[in-house]
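Asker: Predicted model follows, preceded by the sequence.
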Amino acid sequence: MQARFKSIVPLLLSILVLQVVLSINASAQELPRNETIYVGGGLWAPSSNFNPLTPWAAATGSVGLIYEPLFLYIPIKDEFVPWLAEEGKWVSDNVYEVKLREAKWHDGTPLTAEDVKFTFEYAKIHQGIYYSSIWNWLDRIEVVDERTVRFVFSEPHYPEWTYYLYTLYIIPKHIWEKIENPLEEANTNPIGSGMYKLKSYDQNQVVYERNDEWWGKDAFGTPGPKYIVYLRVASNNVALAMLVRGELDWSNFFLPGVPQLVKQYEFIHTWYKDRPYHLPANVAFLFINNQKYPLNLTEFRRAMAYAINVDEIIERVFEGTVLKSNSVGFLPIPSWQRFYAKDLDEEMGFKYDPDKANEILDKLGFKDIDGDGYRETPSGERLRLTIIVPFGWTDWMESIRIIAENLGQVGINVEPKFPDFSKYFDDLTKGYFDLAINNFNSFVSPTPWTMYNWLFYEDTPPIGENSWNGNFGRYFNDEITQLLGEVLVTPMDDEATLRELYRKIQEIFLRDLPYIPLWYNGFWFQASTLHWTGWPSEDNPYGVPVTWPGNWQLGGVLTLLNLKPVVREETKTTTSPVVTTVTKTQEVTETVTVTEKGQVVTKEVVKTQTTVITKTVEQTVEQMTTPTGGNNTLIAVAVVIIVVLAALALLRRR
Amino acid sequence: MGLIRYIGKKAVIYLATFFVAVTLNWAIPRFMPGNPIGILLSRFATLPESAEVMYSYFTQAFGLDKPLYEQYINFWRALLNGDLGVSIYLYPQKVRDIVLEALPYDIVLIVPAVIVSWIVGNWLGALASTNRRLDNILMPIFYFLTASPYFWMAIVLAWVFTVTIPIFPPSGAYSPGISPSLSLSFIVDFLKHWILPFLSLLLVMLGGWAIGMRNMIIYELESNYSRYMEALGAPNRLILRYAFRNAMLPQITGLALQIGLAVAGAITTEIVFSYPGLGYLMLQAIQNQDYFLMQGAFLVIVIMVLISNFVIDIVYAIVDPRVRYTYTGETG
């Protein structure tokens, strides 16, 4: 008797504990599928932060959907869409005037010039706010009337200001002025002005609900989806499976095998119907440590540029889904192309030509003395370089294997290494690397200044000290610093002057070649037209469909405004989006083993990778035809009951 | 009297262990290469001008600009006030809240796994010890189970039940798209996610218990009291029952040791299944160099292990008076 009682204890205990887990959050929800859009690709950590002042930690959508900027910026058209602002213009050389629309906050309070002024001045008090450095060159802000604000600059930084116009989010004064430590605020009940409100959030997702009182209804219309479920998906492969099953409508993941995917599934929508499928988002640079011998030799760097076969990387690693960069790293967007010196590129630029690389190296005196296939320095010392990218960034990992192979072919001994991200970033920012790939701030923008400012950031400390961002290889050139300083204070509409300045910078860049632009990483975007239509594309380019944190204003919000639900004949709505992600593990392990093998034969790697992908796709199709949900449940329950019963039975017998 | 002295002695040892463990855990992340604030900022594509301002602000805000000894003192001061700091990875959540949210997931895994494996394992071991034929079949299985690493067992189970026969989900504590609630569909979903990590812990632990029990019972059956009872003509069942009781004692000690191992096992198992308990949290913290989250998660694990060991020590001393006599030097 006693024994039997004892055995119930664990059962009761587990039930009790289960209760604890469940009590964390008790609100069942099943959203109607025809009003809900499932989005993914910009949420990697469990989210509980919606603070627009800490956009680096806030859940994607906090800024863009809830809090809004003054303007949207559509890079493909180089167009500023007045958003909270109705109009913005320079009224004199150092005064910028913004006229606001009649907007209001979620709580009904009108959004006024005072709010805009407050948003900027808040960063004067709280130095940790990301735009606080603006006060080095902004003098004061004048409120002209309820809806007009004037920014008076001590030294107007035109391109920098333009950048802030669409990346700075207006916050309500009446709420934030009462908050003592705004940077330590999780802001889980965000009051913004945007077209969506926060509905709920947990470990796996953030749910936004349409703000039907949105101020912009008359000017812009109403966004299609009533609910946005932003999913945190464990891996790109899971996202792929969800997309083909119609469980994910909008993917900004980097999905492998896009060409096959598009061919196989009619409902998968991409920006371009064919190669490269994606819009360019930023430039992947090969950063070179300009302070280390022999990488400090311009001609040595040039030899490397000739030796690297970017086309091969694009074919083998990216399957043609990205574009090769030009020699100066100018993205193919109108705002940058305007200043692109094509003639200089043709005259001084580089292209894949290993013979030329060999020739330069021979001339420099780097020769293979000991006959091991690799060149030694002119003084006869062995030369061994490393190239790093973070572990797990599989596309980059494959890429640097190819780069190392390419450089090996011209006799430069380069070893690809894959440290953890933290080590990678530490080496990069402290300048302890030889070669590294990075693209963290070469994003599309209204002006190439944003890229150059990052690439040549003057205020970079010497090797060994922590730099913040950019100029990782410590390339310093007074001439460039001066030219960039001039760009900074030249009005954006003075194109003639700017063209001249940018031309000089490009000339120096091509002459010194401090870093090597490789390819343009894409705005990864695949959408499913099973539930929603109206996606932007090459033929209907109203905006960039991106949902990464802090990028919604490039076109993500416009996409929402254009989306329409697909009307179905059958009204049978299976609303519970229970996701049984099945095919993932196999794929992951396979890719891992494949990449390990890759060190020796990289060509095979890509092949195996693609077959793996099609396999998954087939598997998922099978799954779609045989609904296994009910069975699973039964089996799961049965197993649990058996385990418990077994425990009971065992003791009873004794 | 003896018991209190015994407990006192034990408490001192445990406190010292706690101090050393927590100190090590404070120190090790700080000697890792990398910089948490740098990683925090790397997630944010912004102008270098902004990054520069934020870098100095957050280095100060997290107190990482101070000399190490000062950071260490501040750490203990905050800890004694129950303040575990603010997470960098999940900024600006308090580490205490994050850990408390993750803890239930560990409890639902570890507690049932330890208890069920202990009961079932002991019973199977006892069964094996009395049945030659069964023994020959079961023993190799037990050895196989107990020798498998937790993560390996987890991968095997994941492979079999999510890929080969896809009946269970491979990761998470519940499906994305479902919110925790008391509805039947959620509970079923939760159990479906729970069963594989639970089984991988259960199976590995089971083997050890069974082997221990079998050997102990065989040993006890050879002992003088068993022989004497046998000579007196006592029924087998009765002898076995006495042997079983005596064989239990080492198994209780084992339980104390097992809790520590189970926590370690749970960490790797959780990582395999992305199960959002402390182990998974710790991995995330390490990958993001989140010193404070690492400290918090580790602290809770240390406390759990130490307390459970302490409790078992006391239980053991009550169950078996010989133990406290040896500790306090009293002669029985």
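Answerer: Arrived safely, thanks for sending.

Asker: Nearest the middle, which residue of the chain would you pick?
Answerer: In the absence of a named chain, this looks at chain A. Nearest to the mean C-alpha position of chain A, by CA atoms, centre = their mean, lies residue A:548 at 5.5 Å.

Asker: Chain B is the one I meant
Answerer: The C-alpha lying nearest the average C-alpha coordinate of chain B belongs to residue B:263 (CA atoms, centre = their mean; 1.2 Å).

Asker: Surely it touches residue B:110?
Answerer: Yes. Counting by CB atoms under 8 Å, residue B:263 touches residue B:110, with 6.6 Å between them. Backbone N, C-alpha and C define where each C-beta goes, glycine included.

Asker: hmm, back to that, ok, now which ones touch the residue nearest to the centre of chain A?
Answerer: Counting by CB atoms under 8 Å, 6 or more residues apart in numbering or on different chains, residue A:548 touches A:41-42, A:60, A:252.

Asker: In three-state terms, label it for me.
Answerer: Here residue A:548 is coil, with the state taken from DSSP: H, G, I helix; E, B strand; the rest coil.

Asker: That one and residue A:67, how far apart?
Answerer: The gap separating residue A:548 from residue A:67 is 16 Å, by CB to CB, to the nearest Å.

Asker: One more: residue A:289?
Answerer: According to CB to CB, residue A:289 stands 39 Å off from residue A:67.

Asker: could you say which helix or strand contains residue A:303?
Answerer: Following DSSP states H and E, one finds residue A:303 within helix A:298-307.

Asker: Can you give me the buried ones in that helix?
Answerer: Across helix A:298-307, burial judged by 16 or more other CB atoms under 10 Å in any protein chain shown covers A:300-307.

Asker: And what about residue A:199, helix, strand or coil?
Answerer: strand.

Asker: is it true that it touches residue A:209?
Answerer: Yes. If you go by CB under 8 Å, residue A:199 and residue A:209 touch, sitting 4.1 Å apart.

Asker: Now for the two: what residues contact both?
Answerer: residue A:227.

Asker: follow-up on the earlier one: beyond the helix holding residue A:303, next helix or strand please.
Answerer: Remark: after helix A:298-307, the chain's next helix or strand is helix A:310-316, criterion DSSP H and E.

Asker: Just the pLDDT for residue A:155.
Answerer: If you check residue A:155, the pLDDT there is 94.

Asker: what does residue A:594 give?
Answerer: On the pLDDT scale, residue A:594 gets 33.

Asker: how much space is there between residue B:84 and chain A?
Answerer: Using CB to the nearest CB, to the nearest Å, we find residue B:84 at a distance of 15 Å from chain A.

Asker: Surely that residue forms part of a strand?
Answerer: No. Judged by three-state DSSP, residue B:84 forms no part of a strand; its state is coil.

Asker: check contacts around it.
Answerer: B:78, B:94-96, B:99, B:292, B:295-296, B:299.

Asker: quick one: pLDDT of it?
Answerer: We have a pLDDT of 89 for residue B:84.

Asker: for residue B:203, same thing?
Answerer: So, for residue B:203, pLDDT stands at 92.

Asker: With the one 4 residues further on instead?
Answerer: For residue B:207, the model assigns a pLDDT of 89.

Asker: So it is in contact with residue B:124, correct?
Answerer: No. Using CB under 8 Å, residue B:207 is not in contact with residue B:124; the gap is 9.3 Å.

Asker: which SS state does residue B:18 fall under?
Answerer: With three-state DSSP as the basis, residue B:18 sits in helix.

Asker: how many neighbours does it have?
Answerer: 16 (other CB atoms under 10 Å in any protein chain shown).

Asker: Which other helices and strands does the longest strand along chain A contact?
Answerer: Longest strand in chain A, counting residues (DSSP state E): strand A:279-288. Where contact means 3 or more CB pairs under 8 Å, 6 or more residues apart in numbering or on different chains; DSSP states H and E, strand A:279-288 is packed against helix A:298-307, strand A:435-438, strand A:516-523.
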